[in-house]
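In: Return atomic coordinates for the entry below.
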Amino acid sequence: MRRVLAFYQFIPLQDPEAECQSLQRLGDELGLRGTILVAQEGVNGTVVGETRALQNLAEHLSAQYAVQSQKWSDLQPGNSGFHRFKVRVKPEIVSFGVNDLDMSLTGEHVDAQKWNALIADPDVLVVDTRNDYEIDIGTFDRAVSPHTESFRQFPQWVAEHLDPDQHTKVAMFCTGGIRCEKASSYLLNQGFENVYQLDGGILQYLEDVDADESHWNGECFVFDQRVSVDAKLQQGQYKQCYACRHPLSAQELASPDFEHGVSCSYCIDKTSKQRRQQFRERQHQVRLAAQRGQQHIGQDQRKPKR
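Out: Okay, here's the model as predicted:
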């Protein structure tokens, strides 16, 4: 049975390039697909594989990097999850753009029950740290959107909209928890005192909370070919625009602005005719490669910004 394993751990690494090569060899041996990022600050990845192969990887991650945040989920038959396996060295395992954050100082991790109490408290500011294209398809009651296209814009939003004296309690959440590690560390370093983060993110919340107690609305965007998962963590209804990567509902797929691999209603006015023609040619090459039973070399290169 093929499953999905998402994980992260902030841990100082002296030689990210060596760790990258080691993980690439291991993943190739285990027949995995997906992406792992390695940086001096730690590791972060989402991979697909047979259950036993993922268990082997999980054991290695725990032993080598003390990885504690591991999230398992099922993959529907016929969905490969990813086209290939790649380990990359990056400046950060989640791009934030703030140097010298003390990652040993983060917000209070809270479980689903305490989270429900927090977001029901009118004195608590609830912040969705994800980007617009993720928030568009689902979020929590009372959540405030920072209206970002990239997580790197989050510090500027904090500087312009939040005040430690006014916002005395801040509760934040993201998909699996990693962005809140950085966001909460940043807020604490900016003088905010009572900062909370949803332990394990939305995915853990949906696994732990009963449907009649859930305050989640909609679906949750995920960074693999499932595109989204519903409240039962099953593959959701959304597909993805291959041009801009925005998730699309069935109604949006039926829009005259949607052209597979070329445009959708979210990006058609943001790309030139020349650029759309380039997308058409790329999509044509993808179709030709599929007919030959091959994968087009650029098929998996355009990723949504986290």
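
In: In space, what's closest to V94 - neighbours in sequence excluded?
Out: I178 (5.2 Å; CB to CB, 6 or more residues apart in numbering). All C-beta spots, glycine's among them, are computed from the backbone N, C-alpha and C.

In: And the one you found, how far from G42?
Out: 9 Å (CB to CB, to the nearest Å).

In: Overlap of the contact sets of those two?
Out: With contacts taken as CB atoms under 8 Å, 6 or more residues apart in numbering, the residues that reach both I178 and G42 are 8, 93.

In: Count the neighbours of the residue nearest to V94 for me.
Out: Taking other CB atoms under 10 Å as the criterion, the count of residues near I178 is 23.

In: Might one say that it is in contact with N44?
Out: Yes: using CB atoms under 8 Å, I178 is in contact with N44, at 6.0 Å.

In: Spit out the residues that contact these two alike.
Out: Between them, I178 and N44 share the neighbouring residues 8, 93-94, with contact defined by CB under 8 Å, 6+ apart.

In: List the ones among those residues that fall in strands.
Out: Assigned to strands by DSSP state E, the following of those qualify: Y8.

In: what about stretch 131-144, how long is it end to end?
Out: Start-to-end span of stretch 131-144 (CA to CA, to the nearest Å) is 11 Å.

In: Averaged pLDDT, it. What do you get?
Out: If you average the pLDDT over stretch 131-144, you get 96.

In: Make residue 1 into 848 and carry on from there
Out: That works, and once the first residue is 848, the last one we named lands at stretch 978-991.

In: Can you name the residues in contact with that stretch?
Out: Under the criterion CB under 8 Å, 6+ apart, residues 966, 972-975, 992, 994-998, 1020, 1022, 1062-1068, 1075, 1083, 1085, 1091-1094, 1096, 1113, 1151-1153 lie in contact with stretch 978-991.

In: Narrow these to those that are buried.
Out: Listed as buried from the contacts of stretch 978-991 are 966, 972-975, 992, 995, 998, 1020, 1022, 1062-1063, 1065-1068, 1075, 1083, 1085, 1091-1094, 1096, 1113, 1151, 1153; burial here means 16 or more other CB atoms under 10 Å.

In: Of those, which belong to strands?
Out: Among these, the members falling in strands (DSSP E) are 972-975, 1020, 1063, 1065, 1067-1068, 1075, 1094.

In: Which one of the residues you listed is nearest to L1034?
Out: Taking CB to CB as the measure, V974 is the one of these closest to L1034, at 9.1 Å.

In: so what's that closest one up against?
Out: Taking CB under 8 Å, 6+ apart, we find V974 in contact with 990-991, 993, 1017-1020, 1030.

In: And the helices in this structure?
Out: Secondary structure of the chain (DSSP state H): helices located at 863-877, 898-912, 959-967, 979-982, 1001-1008, 1025-1036, 1048-1055, 1097-1100, 1120-1138.

In: By mean pLDDT, show me the worst of these.
Out: helix 1120-1138 (a mean of 86).

In: Give me the buried positions along that one.
Out: The neighbour-count check on helix 1120-1138 (16+ other CB under 10 Å) flags 1123, 1126, 1129-1130, 1133 as buried.

In: What residue spans form the domains of the protein?
Out: Segmentation of the chain into domains, based on automatic domain parsing, reads 849-936, 955-1065, 1088-1138.

In: Show me where the stretch 1048-1153 of the chain dips below the pLDDT cut-off.
Out: 1141-1153 (pLDDT under 70).

In: if we go to 80?
Out: Scanning the stretch 1048-1153 of the chain with the threshold set as pLDDT under 80 gives 1136-1153.

In: Let me have the helices of the chain in JSON lines, adding distance to G1108 as columns.
Out: Formatted as JSON lines, the helices of the chain follow (distance: least, CB to CB, whole Å):
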{"stretch": "helix 863-877", "distance to G1108": "28"}
{"stretch": "helix 898-912", "distance to G1108": "31"}
{"stretch": "helix 959-967", "distance to G1108": "38"}
{"stretch": "helix 979-982", "distance to G1108": "17"}
{"stretch": "helix 1001-1008", "distance to G1108": "30"}
{"stretch": "helix 1025-1036", "distance to G1108": "29"}
{"stretch": "helix 1048-1055", "distance to G1108": "28"}
{"stretch": "helix 1097-1100", "distance to G1108": "13"}
{"stretch": "helix 1120-1138", "distance to G1108": "3"}
